[in-house]
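Enquirer: What follows is a predicted protein model with its sequence.
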Amino acid sequence: MVPSGADGAALWAATPPTPATMTDHADVDRPPTPTASGLPAPLVRICFASRDGQARKIAGRLVERLGDDGVAVDMLDLVPAPPVAEAVDGASLVVVVAAVLYGKHLKDAQRFLAAYQQHAETPPLALASVNLTARKPGKRTAETNPYLRKLIARLGLQPVATAVFAGRLNYPAYRWSDRQIIRFIMLVTGGPTDGKSVFEYTDWPSVDAFAAEIRAALPSIRA
Ligand SMILES: Cc1cc2nc3c(=O)[nH]c(=O)nc-3n(C[C@H](O)[C@H](O)[C@H](O)COP(=O)(O)O)c2cc1C
């Protein structure tokens, strides 16, 4: 019997890791936008680590929203993890959007963040986690989501902004063994078990609100 409100974190963690499959980079190199003063505008670099595409989609939405607001922004795939010096080059703020698989953020994201933390000069960091535990309203902050809380504590990160987004359940895209394991976890945590369906849980207004938070963090960084 699973206690009501259980998020299944222990169940997810008890299952075996799956190798990441996406290895292509999606860097977008844009020249810095000059400001009225002639100085380059602060650049926000949105880094993402995604296996099945939802963290990438969320990163894309952040790029769109910040771009709509006139913020210079580009995107960088963290799979495989790039050298930190390259990833921070020219950036005033780095945002990491990382998916959770089997109890942990994708390895490349963890590797990148550990190196980021050790690197001598890095811009401020904003951090977002994408997982299915966050489909429960009580698991959507850095304090209440077990994956993001542990990641921040383990690496000693000091993000200027954090977010937790519910991801997507895409049963048809999973290999058979993953599908069975996830159906079982959904069964005990009160989620859908129909192995033929796709459920997108991401709350897009929350993603837009995170974009606004990032935007708001910029002037203080510039000063
Ligand atoms: C193999 C697999 C393992 C997963 N493990 C977890 C988990 O441990 N905890 C959780 O909350 N969600 C878990 N999820 C849900 C993913 O975090 C969610 O599907 C997310 O959208 C994945 O991001 P991506 O599409 O960018 O790869 C898992 C999904 C898959 C396919």
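Expert: Great, that's in hand. Nothing here was measured: the structure is a model prediction, and the numbers come from that model.

Enquirer: where along this structure do the helices fall?
Expert: Secondary structure of the chain (DSSP state H): helices at 9-13, 54-68, 84-88, 107-118, 146-155, 176-188, 204-222.

Enquirer: Columns distance to residue 42 and mean pLDDT on top of those, output as a markdown table?
Expert: All C-beta spots, glycine's among them, are computed from the backbone N, C-alpha and C. Shown next, in a markdown table, are these (distance: least, Cβ to Cβ, whole Å; pLDDT from 0 to 100):
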| stretch | distance to residue 42 | mean pLDDT |
| --- | --- | --- |
| helix 9-13 | 36 | 69 |
| helix 54-68 | 11 | 98 |
| helix 84-88 | 13 | 96 |
| helix 107-118 | 18 | 97 |
| helix 146-155 | 24 | 98 |
| helix 176-188 | 40 | 95 |
| helix 204-222 | 5 | 89 |
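
Enquirer: want to throw those helices into CSV with mean neighbour count and distance to residue 77?
Expert: Putting those into CSV (neighbours: other Cβ atoms under 10 Å; distance: least, Cβ to Cβ, whole Å) gives the following:
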stretch, mean neighbour count, distance to residue 77
helix 9-13, 17, 24
helix 54-68, 21, 8
helix 84-88, 17, 10
helix 107-118, 19, 9
helix 146-155, 18, 19
helix 176-188, 15, 22
helix 204-222, 16, 18
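
Enquirer: Of all those helices, which one is nearest residue 133?
Expert: Nearest to residue 133 among those is helix 9-13 (5.9 Å), distances taken as Cβ to Cβ.

Enquirer: Kindly export the strand ranked longest in the chain (C-alpha atoms) in CSV.
Expert: Taking DSSP state E as the criterion, the chain has its longest strand at strand 93-101. Coordinates of each C-alpha in strand 93-101 appear next as CSV, following Å, rounded to 0.1, in the frame of the first residue of the first chain:
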residue,chain,number,x,y,z
LEU,A,93,23.3,34.5,-17.2
VAL,A,94,23.2,30.8,-17.8
VAL,A,95,20.0,28.8,-17.5
VAL,A,96,20.1,25.0,-17.2
VAL,A,97,16.9,23.0,-17.9
ALA,A,98,17.5,19.4,-17.1
ALA,A,99,15.3,16.3,-17.3
VAL,A,100,15.1,13.6,-14.6
LEU,A,101,15.4,10.0,-15.5
